[in-house]
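Asks: Fold the following and give me the result.
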Amino acid sequence: MDNKNAAAALNSGAPDEKSQKRNLLCFPVGTLGRDMIYNLFTNYILLYVLFTHNLTAAQLMSITGIMIGARIFDALNDPLMGNIIERTRTRWGKYKPWLTIGILSTSVVVYLAFNVRLEGWAFIWFFGIIYFAYSITYTMHDISYWGMIPSLSRDGGTRDKLTAMTNLAAGIGGAVAGIMIPMFTTGSNTIGGNAQTAYGRVALIFCILAPLFLSITIIGVREDRSYMEVVPPPVSFKKILSTIVNNDQLSWMCLIFLIHQVGADLIIGGIGSTYIYFTYGYQGGLYSLFSTIGLSASGILLIAYPLLSSKWSRKTLMKAFGIILTAGFAIMLAAGLFMPATMPSFWITTIGYMIAQLGMNCYYVIMMLSIINTVEYNELKNGTRDEAIVASIRPFFTKFGSAVCVLLTTVTYLIFGITDTTNQISSLEQAANAGAITEATKLQQIDAVISSVSTAQSHGLLLVMCLIPLLMMVSAYILYKKHYILDEEEYDRIVAELAAAKKNA
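Replies: Next up, the predicted model:
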């Protein structure tokens, strides 16, 4: 066999044991910077807008409409991108080219989003363009990244470990962002003395780190490229829809995952930070503690998940962690409603959030694995794997869920009159940016503004960020238990049946 044919055989073969070990390192590390950017843009863009721009109710609703419109656009963009990836045939495979193009273009878009200074309706128009551009560019590398997992291993145990480690890395990236963003954009440690400058600098750092980390994945991993020998399917919406509609397990997971995402994202999507600032003070360090300690439980869960999944079934774990997350939300409500707004109350609220987050993150890992495992079910039932199309479901509903959270957040803000307070804070941030007032004066006046927030407003935010997520998690569990049939035994049976069919072919 000549060198060219040997290389082709190597590329088309499944990763060997040495390559799988390398994949377990190089693949998860690649998402660290991606999740910093995702956390910044998804969880803080609305907060950035509220605390750095004066908005009328019409302008705030326009921003909300843009976000929702972009998510509807993703209903077409994400599966279409998955289909395009399925058709891609290059010497680097079908995933790596889109990883490269996507992360570089996303970094440019996110940098511009936080560094272009506009006001009024000119800003609204700019926001619309940049938000849709982010939807397109992030989708390129997000679907490519998660779609690659089924090609890295077909072994259930290895895939569990790979998924858990990748989610751990994603959690670390998100946690780093969760620490840096509020700490250095709000309060006495604000970079440059004002939120506008601070967000711009943080965005620059993340937009440099993201391509660097993802390059480790692009260069380091080896996937099974046997798909290179298969004629790619034509790009068509009929193919995309048929993949979803003809896979009943994937269809149910679409609904279940969406419900989960709405519940999981509501706190970190804006309401949580606003509640902490309004209740305990305008200091980014407080929200950094709240979010970091809360997410630290996720790291513990992701490390422990392979062991837990080896002892108990996914549905058993969901039941147990459903009880845990319910206890967490109950603790948060008790601290916020019945204790004075002091540091003991803050710490109890934070511990409650950590416990709730532990349960919600267990649900997330199970949702991820459940979606990925529909690939083999699709292969058995319909004769094709359609990995990238299946993988596109997760990012689509992640984004759509975040859009629903934006709508719920905006409605909550308007009902409780939160924007009256954020507009006053925004005016002070802009004055500090222009040099009209000192940072010390800005902070003093913001404290006075926050002291005028009523108990009804604070409690309203707390009730929304606890009761709605709890309702979503309970609904997700009920639907999963009733309709998802690909448990561990059934998945192993399907994999064995596929292997036997290929052996006899």
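
Asks: count of neighbours near Ile415?
Replies: 11 (other C-beta atoms under 10 Å). C-beta coordinates here come from the backbone N, C-alpha and C atoms, glycine included.

Asks: List the contacts of it.
Replies: For Ile415, the contact set (C-beta atoms under 8 Å, 6 or more residues apart in numbering) comprises Gly460.

Asks: per-residue confidence at it?
Replies: As predicted, Ile415 sits at a pLDDT of 93.

Asks: Over to Ile66?
Replies: 92.

Asks: wait, it sits on Ile129?
Replies: No - between Ile66 and Ile129 there is no contact under C-beta atoms under 8 Å: 9.4 Å.

Asks: what about those two, which has more around it?
Replies: Legend: neighbour count by other C-beta under 10 Å for Ile66 and Ile129, higher for Ile66 (20 against 13).

Asks: helices and strands around the helix or strand hosting Leu471, which ones?
Replies: Using DSSP states H and E, Leu471 maps to helix 455-483. For helix 455-483, the elements it packs on are helix 248-265, helix 272-280, helix 314-338, helix 343-372, helix 387-415, helix 418-434, judged by 3 or more C-beta pairs under 8 Å, 6 or more residues apart in numbering; DSSP states H and E.

Asks: Could you export those as TSV, including distance to Lys94?
Replies: As requested, the helices and strands packed on helix 455-483 are exported to TSV (distance: least, C-beta to C-beta, whole Å):
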stretch	distance to Lys94
helix 248-265	20
helix 272-280	38
helix 314-338	29
helix 343-372	17
helix 387-415	7
helix 418-434	44
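
Asks: So for Ala501, which of those sits nearest?
Replies: In terms of C-beta to C-beta, the element of these nearest to Ala501 is helix 387-415, at 18.1 Å.

Asks: which of the residues in that closest one are buried?
Replies: Using 16 or more other C-beta atoms under 10 Å as the test for burial, helix 387-415 gives 387-410, 412-413.

Asks: Let me see the contact set for the closest residue to Gly30 other than its chain neighbours.
Replies: In space, and not counting its chain neighbours, Gly30 is closest to Thr217: 2.9 Å by C-beta to C-beta, 6 or more residues apart in numbering. Residues in contact with Thr217 (C-beta under 8 Å, 6+ apart) are 26-27, 29-31, 99, 145.

Asks: Show me the shaky parts of the stretch 1-150 of the chain.
Replies: Within the stretch 1-150 of the chain, the stretches with pLDDT under 70 are 1-17, 75.

Asks: Which residue ranges of it form helices?
Replies: 3-12, 17-29, 31-38, 44-52, 57-87, 96-113, 120-147, 149-152 (DSSP state H, counting those that start in this stretch).

Asks: Among these, show me which one is buried the most.
Replies: helix 31-38 (a mean of 26; mean count of other C-beta atoms under 10 Å).

Asks: Using CSV, write down the CA coordinates of that one.
Replies: Output in CSV follows, covering the C-alpha atoms of helix 31-38 (Å, rounded to 0.1, in the frame of the first residue of the first chain):
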residue,chain,number,x,y,z
THR,A,31,-14.3,24.1,24.4
LEU,A,32,-12.9,26.2,27.3
GLY,A,33,-12.6,29.4,25.3
ARG,A,34,-15.8,28.7,23.4
ASP,A,35,-17.8,28.6,26.6
MET,A,36,-16.2,31.8,27.8
ILE,A,37,-17.5,33.5,24.7
TYR,A,38,-20.9,31.7,25.0
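
Asks: Name the residues that touch that helix?
Replies: For helix 31-38, the external contacting residues (C-beta under 8 Å, 6+ apart) are 103, 106-107, 110, 138, 141-142, 145, 166, 169-174, 176-177, 206-207, 209-214, 217.

Asks: repeat that with 6 Å
Replies: The set of residues external to helix 31-38 that reach it, using C-beta atoms under 6 Å, 6 or more residues apart in numbering, is 110, 169-170, 173-174, 177, 206, 209-210, 213.

Asks: re earlier: please convert the contacts of Thr217 to CSV, extending it with distance to Ser288.
Replies: Converted to CSV, the contacts of Thr217 look like this (distance: C-beta to C-beta, whole Å):
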residue, distance to Ser288
Cys26, 30
Phe27, 28
Val29, 23
Gly30, 25
Thr31, 21
Leu99, 30
Tyr145, 27
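
Asks: Please tell me how far Gly220 sits from Ile450.
Replies: The spacing between Gly220 and Ile450, counted by C-beta to C-beta, to the nearest Å, is 47 Å.

Asks: Which of the helices and strands packed on helix 455-483 comes out lowest on mean pLDDT?
Replies: Mean pLDDT per stretch puts helix 387-415 lowest among the helices and strands packed on helix 455-483, at a mean of 81.

Asks: what's the angle from that one to helix 418-434?
Replies: Interaxial angle, helix 387-415 versus helix 418-434 (axes from the mean of the first three to the mean of the last three C-alpha atoms, to 10 degrees): 100 degrees.

Asks: Pull up the distance across stretch 151-162, start to finish.
Replies: When the termini of stretch 151-162 are compared using C-alpha to C-alpha, to the nearest Å, they are 12 Å apart.

Asks: Give the rounded mean pLDDT of the helix or strand hosting Gly285.
Replies: Gly285 is part of helix 284-311 when elements are defined by DSSP H and E. Mean per-residue pLDDT for helix 284-311: 82.
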